[in-house]
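K.L.:
Return atomic coordinates for the entry below.
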Amino acid sequence: MRLRTAFVALALLALPACGKEAKPQAAPSPEITRSEGARIAQAAQLRSADMPGYRKEPPEESTDDDGGTCLRDGGPFVAEAETTFSRGRLFVGSTTEVAERRELVERDLDYIVSGDFLPCWEAFVTSMVAEDRFSLTGWSSRKLRVKVPKSDGAFGYVFRFTLRGGKGSVPGRMLFLGAAAGLAEMQVMALAFGTELPSTAAATGWLTKVTRRARAAGA
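P.N.:
Residues are numbered from 1 along each chain as shown. Here you go, the predicted structure:
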């Protein structure tokens, strides 16, 4: 997998795979149908008008990323949609997942806010870049205070690292924000190589837009 593909796939798909394996039990009836969930997920995305100066990336084929034992704390989800934009060495993506029941969204939110996912996240990033014969050093994370209107809760993290490969290295940064709204989980991820990340305020603005769209679509 190419470096850019690996990181975008990681940013938009892998995090929900970080969690704890839930004990099997009889599940209550879903609160939403798949078609309703798909409509919400598609509506709650960043749009070209939100991202002046960025290029909208073509959609990639869905892949099954192997997070090993890092399984999401919530789920199952009835629908998921994602959109990616780029500007030079900066990538910004939005992902919205719609769960069968609100309690699953709440469980995921609590798990990520707690920070318990962080060791899994670092290990998974490391394994992803290793597929392209790169390595990570200097990994660090910092929790951010994020407030998103119309949400049931929000979180934010920034990650710093150095990507090494061949005879060179490049500094990398990730900005990861998310929010819950009813049956929907919204995430905005920015990934920068050798350049600055967008401000937390800008990313919070993007997350606020997709959260409002999820609410308007019926989440």
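K.L.:
buried set for stretch 81-97?
P.N.:
Buried residues in stretch 81-97, counting neighbours by 16 or more other CB atoms under 10 Å, are found at 81-86, 90-97. Every C-beta, even on glycine, is put in place using the N, C-alpha and C of the backbone.
K.L.:
and those residues as a markdown table, adding secondary structure?
P.N.:
Shown next, in a markdown table, are the buried residues of stretch 81-97 (DSSP: H, G, I helix; E, B strand; the rest coil):
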| residue | secondary structure |
| --- | --- |
| Ala81 | strand |
| Glu82 | strand |
| Thr83 | strand |
| Thr84 | strand |
| Phe85 | strand |
| Ser86 | strand |
| Leu90 | strand |
| Phe91 | strand |
| Val92 | strand |
| Gly93 | strand |
| Ser94 | strand |
| Thr95 | strand |
| Thr96 | strand |
| Glu97 | strand |
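K.L.:
Going by distance to Glu131, which of those residues wins?
P.N.:
Relative to Glu131, the closest of the buried residues of stretch 81-97 is Phe91; by CB to CB it sits at 17.9 Å.
K.L.:
so which strand or helix has the nearest residue to the closest one once chain neighbours are set aside?
P.N.:
Spatially, and ignoring its direct neighbours in sequence, Phe91 is nearest to Leu191 (4.6 Å; CB to CB, 6 or more residues apart in numbering). Assigned by DSSP states H and E, Leu191 falls within strand 184-193.
K.L.:
Count the residues that sit near Phe134.
P.N.:
Using other CB atoms under 10 Å, Phe134 has 17 neighbouring residues.
K.L.:
And the pLDDT at the residue lying closest to Tyr54 once chain neighbours are set aside?
P.N.:
Sequence neighbours aside, Phe85 is the residue nearest to Tyr54 in space, at 3.9 Å (criterion: CB to CB, 6+ apart). Looking at Phe85, its pLDDT reads 94.
K.L.:
The one 3 residues further on too?
P.N.:
As predicted, Gly88 sits at a pLDDT of 90.
K.L.:
cool, Thr137 as well?
P.N.:
90.
K.L.:
And for it, the neighbour number?
P.N.:
Around Thr137 there are 10 residues (other CB under 10 Å).
K.L.:
Isn't it up against Arg160?
P.N.:
No: using CB atoms under 8 Å, Thr137 is not in contact with Arg160, being 10.8 Å away.
K.L.:
For the longest helix anywhere in the chain, name the packing helices and strands.
P.N.:
Counting residues, the longest helix in the chain under DSSP state H turns out to be helix 200-216. For helix 200-216, the packing partners by 3 or more CB pairs under 8 Å, 6 or more residues apart in numbering; DSSP states H and E come out as helix 34-43, strand 90-99, strand 153-165, strand 168-181, strand 184-193.
K.L.:
switch the cut-off to 7 Å
P.N.:
Helices and strands touching helix 200-216, by 3 or more CB pairs under 7 Å, 6 or more residues apart in numbering; DSSP states H and E, are helix 34-43, strand 90-99, strand 168-181, strand 184-193.
K.L.:
quick one: the closest residue to Val146 other than its chain neighbours from Thr33, how far?
P.N.:
Nearest residue to Val146 in three dimensions, chain neighbours excluded: Gly156, at 3.8 Å (CB to CB, 6+ apart). Between Gly156 and Thr33 the computed distance is 31 Å (CB to CB, to the nearest Å).
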